[in-house]
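Peer 1: The amino acid sequence is not available; the structure is as follows:
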């Protein structure tokens, strides 16, 4: 078979060249026509340029090379040009680092010229904004969370994909390293590399480290409290464990119902009464034994808390009977109840038969629970009492008492206060007269100081300083009722006061050499006692009497009335005093009273009792 071969004309290469020239001319013509159009510049993704770049800028026509592009604020990076045969059709900028998120930038292009004709083009200014970073949609654990597990996940969910905009850095305070375990560009999950401390409060903080402003860098900060270790509120310890009782262990929060975390050194059964209380019932016990039990580490709460270490406890069954006793100390009343509080149930008859009190005092027994009360019919004032229960008290279950049980106490001091009226002396030197007036009023006699002084004997005159002569206070009232002590007024001593008292129809005794026991005995008998002492700093004095005698006395002599006593007749503790100077009543200890009475020993020590 023959083949027909068509040969190209010999001038074909020339034809191809002519066609190419025609195309170039046509393209150039088109390009030229484009250069006559108005230039437009388009920034790609103008409202959301990615922070990682690039920034792309397209021209509506080819631009002659040699122009300059810049950004404000300035950003380090590299510009790239996209060219054709005629010129530049687009440019792009890739930052060395990154753009700032949500930042407005201005693109400026200067020195642009049209291709072919070289005509200058106006300066271009375009504004664009970088993409907005994703915001936090949720954080776990949330702020204020409690009961957070020790190996919790820190989960942060963004409002949209991060897209490389943010560089997230989490931290914990107190410091615990965190490890990123999951990231789908929208949800990030970190885990602590070590368990958090139970019961501790932590702060989780998330920062965007690309944000330079420290005030803006922190994205979130949440405070939370880690689950607490189970706490034992109470556990049965100590003694006095008897049949029918249970070992109760109470926790401060709900516990996982696991009885394997409790061990006891005796057989029995453990049950959960509720999610906070375990009860252990032993199979059998004996008196006087000590047993141990343990709450083991690893016990878990329903919230996830874990007991970190073993807790050991002991308890003891009833041993020998013991007791506490009351009262004790001093100041007890005459009907104070005596209580023996036994530490366990005892046989009442066994305890009562072993009770004693010394000095002996009749009384009656009563019981309240394990406490025996002995109520005395009446004790004595100011007396030491010893009481107790001898060994051998029999318990209901346990061991008999091995030693005596009891105590001692002192009853109160007796207090006696006679109803003697308190008068204020009407004259500067009438204290002895007013003292007698108080005592007479106690005896039912109403009088006044003038009547009393007239019965005492009264012929007022001043002291004769030339001869140092004055009247005798052992016989009469010396000086004026109102006057100056030692010169124009003095007063009177015990014997004339007793004599005047007898003129009112009562017996009266003047005493020289008072004692605290004597005064106390008179008060116990119901008789107030007038005594002489002093009211201001005093000193001894003396003068001659008209009869040739010499008076030994003291300046600022003052008489008062003892109207009450605290204590027994033979051992008084203190005394109640009526003082006419200012009309005051007060209490003096025995020492204070006797110091005032014995200012000048036997000279000043005197008193009067009116019966």
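Peer 2: Done, it's in. All values derive from a computational prediction rather than experimental measurement. Numbering: from 1, shown residues only.
Peer 1: Tell me the buried residues in stretch 235-251?
Peer 2: For stretch 235-251, the buried set under the neighbour-count rule, 16 or more other CB atoms under 10 Å, comprises 235, 236, 239, 241, 242, 246, 247, 249, 250, 251. All C-beta atoms are positioned from the backbone trio N, CA, C, and that covers glycine.
Peer 1: quick one: which two of those are the most distant?
Peer 2: Within those, 242 and 251 form the most distant pair, 24.8 Å apart (CB to CB).
Peer 1: Next, the contact list for the residue lying closest to residue 464 once chain neighbours are set aside, please.
Peer 2: The shortest distance from residue 464 to any non-neighbouring residue, by CB to CB, 6 or more residues apart in numbering, is to residue 470 (6.6 Å). Neighbouring residues of residue 470 by CB atoms under 8 Å, 6 or more residues apart in numbering: 461, 463, 464, 478, 479, 490, 543, 544, 545, 551.
Peer 1: Can you give me the separation between the residue nearest to residue 514 when sequence neighbours are not counted and residue 505?
Peer 2: Sequence neighbours aside, residue 607 is the residue nearest to residue 514 in space, at 4.8 Å (criterion: CB to CB, 6+ apart). Separation of residue 607 from residue 505 (CB to CB, to the nearest Å) stands at 21 Å.
Peer 1: So which of the two has more stuff around it?
Peer 2: residue 607 (27 against 8; other CB atoms under 10 Å).
Peer 1: sorry, back to before: got a winner among the contacts of residue 470 for most neighbours?
Peer 2: residue 478 (28 neighbours).
Peer 1: gap between that residue and residue 489?
Peer 2: Distance of residue 478 to residue 489, computed by CB to CB: 8 Å.
Peer 1: next one: residue 513
Peer 2: Counting by CB to CB, the gap from residue 513 to residue 489 is 27 Å.
Peer 1: and residue 258, how many neighbours does it have?
Peer 2: Applying other CB under 10 Å, we find 13 other residues in the vicinity of residue 258.
Peer 1: What helix or strand is residue 600 located in?
Peer 2: Assigned by DSSP states H and E, residue 600 falls within no helix or strand.
Peer 1: Touching, it and residue 540? I think so.
Peer 2: Yes: Residue 600 is within contact range of residue 540, at 5.7 Å (criterion: CB atoms under 8 Å).
Peer 1: out of those two, which sits in the more crowded spot?
Peer 2: For residue 600 versus residue 540, the count of surrounding residues by other CB under 10 Å is larger for residue 600: 18 against 13.
Peer 1: per-residue confidence for the more buried one?
Peer 2: Predicted confidence (pLDDT) for residue 600: 83.
Peer 1: so who does it touch?
Peer 2: Counted by CB under 8 Å, 6+ apart, residue 600 has contacts 538, 540, 554.
Peer 1: cutoff 10 Å now
Peer 2: 533, 534, 538, 539, 540, 541, 552, 553, 554, 557 (CB atoms under 10 Å, 6 or more residues apart in numbering).
Peer 1: helix/strand/coil for the first one?
Peer 2: Three states are possible here, and by DSSP: H, G, I helix; E, B strand; the rest coil the one that applies to residue 533 is strand.
Peer 1: what do residue 478 and residue 489 both touch?
Peer 2: Here residue 478 and residue 489 have 429, 460, 463 as joint contacts, going by CB under 10 Å, 6+ apart.
Peer 1: From the residues you listed, pick the one nearest residue 149.
Peer 2: Nearest member of the shared contacts of residue 478 and residue 489 to residue 149, counting by CB to CB, is residue 429, at 93.8 Å.
Peer 1: any idea which element the closest one lies in?
Peer 2: Using DSSP H and E, residue 429 maps to neither a helix nor a strand.
Peer 1: now swap in residue 453 and tell me
Peer 2: helix 449-456.
Peer 1: Report the distance from that helix to the chain centre.
Peer 2: Taking CA atoms, centre = their mean, to the nearest Å, the mean C-alpha location of helix 449-456 is offset from the chain mean by 69 Å.
Peer 1: Equivalent analysis for stretch 317-329, please.
Peer 2: Worked out by CA atoms, centre = their mean, stretch 317-329 lies 34 Å from the chain centre.
Peer 1: Over to residue 479: give its phi and psi.
Peer 2: Main-chain torsions, residue 479, degrees, to the nearest 10: phi 80, psi -170.
Peer 1: I'd assumed residue 472 was in contact with it.
Peer 2: No: Residue 479 is not in contact with residue 472 according to CB atoms under 10 Å; the separation is 11.8 Å.
Peer 1: where do the contact lists of those two overlap?
Peer 2: What both residue 479 and residue 472 touch, as defined by CB under 10 Å, 6+ apart, is the set residue 492.
Peer 1: So for the longest strand belonging to the chain, what gets flagged as buried?
Peer 2: Counting residues, the longest strand found in the chain (DSSP state E) is strand 557-567. Buried positions in strand 557-567, judged by neighbour count with 16+ other CB under 10 Å: 557, 558, 559, 560, 561, 562, 563, 564, 565, 566, 567.
Peer 1: what do you get for stretch 194-213?
Peer 2: Neighbour count says stretch 194-213 has 196, 198, 202, 204, 205, 206, 207, 208, 210, 211 buried, by 16+ other CB under 10 Å.
Peer 1: which one of these sits closest to residue 174?
Peer 2: Checking the buried residues of stretch 194-213 one by one against residue 174 (CB to CB), the nearest turns out to be residue 202, at 6.6 Å.
Peer 1: Give the partner strands of the helix or strand where that closest one lies in its sheet and their orientations.
Peer 2: Assigned by DSSP H and E, residue 202 falls within strand 201-208. Within its sheet, strand 201-208 is paired with strand 168-173 (antiparallel), strand 218-226 (antiparallel), according to DSSP bridges.
Peer 1: As a markdown table, the ones you listed with mean pLDDT would be great.
Peer 2: Shown next, in a markdown table, are these (pLDDT from 0 to 100):
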| stretch | mean pLDDT |
| --- | --- |
| strand 168-173 | 98 |
| strand 218-226 | 97 |
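Peer 1: Please convert those to JSON lines, extending it with mean neighbour count and distance to residue 122.
Peer 2: Below are these laid out as JSON lines (neighbours: other CB atoms under 10 Å; distance: least, CB to CB, whole Å):
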{"stretch": "strand 168-173", "mean neighbour count": "15", "distance to residue 122": "44"}
{"stretch": "strand 218-226", "mean neighbour count": "17", "distance to residue 122": "43"}
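Peer 1: Can you tell me which of those strands is nearest to residue 365?
Peer 2: Closest to residue 365 of the strands paired with strand 201-208 is strand 218-226 (CB to CB; 57.4 Å).
Peer 1: For PyMOL, what selects the buried ones among the contacts of residue 600?
Peer 2: With 16+ other CB under 10 Å as the criterion, this PyMOL line picks the buried residues out of those:
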select buried, resi 533+534+538+541+553+554+557
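Peer 1: quick one: low-confidence parts of the stretch 1-150 of the chain?
Peer 2: 1-37, 44-47 (pLDDT under 70).
Peer 1: Helices of that one, residue ranges please.
Peer 2: 12-35 (DSSP state H, counting those that start in this stretch).
Peer 1: which residue packs closest to residue 267, ignoring adjacent ones?
Peer 2: Once flanking residues are discounted, residue 267 sits nearest to residue 283: 4.5 Å by CB to CB, 6+ apart.
Peer 1: ok, that neighbour touching residue 270?
Peer 2: No: with contact defined as CB under 10 Å, residue 283 does not reach residue 270; the gap is 12.0 Å.
Peer 1: who's more crowded, these two?
Peer 2: Between residue 283 and residue 270, counting by other CB under 10 Å, residue 270 is the more crowded of the two (18 against 8).
Peer 1: give the contact list for the more buried one.
Peer 2: Contacts of residue 270 (CB under 10 Å, 6+ apart): 246-247, 249, 259-264, 278-281, 293.
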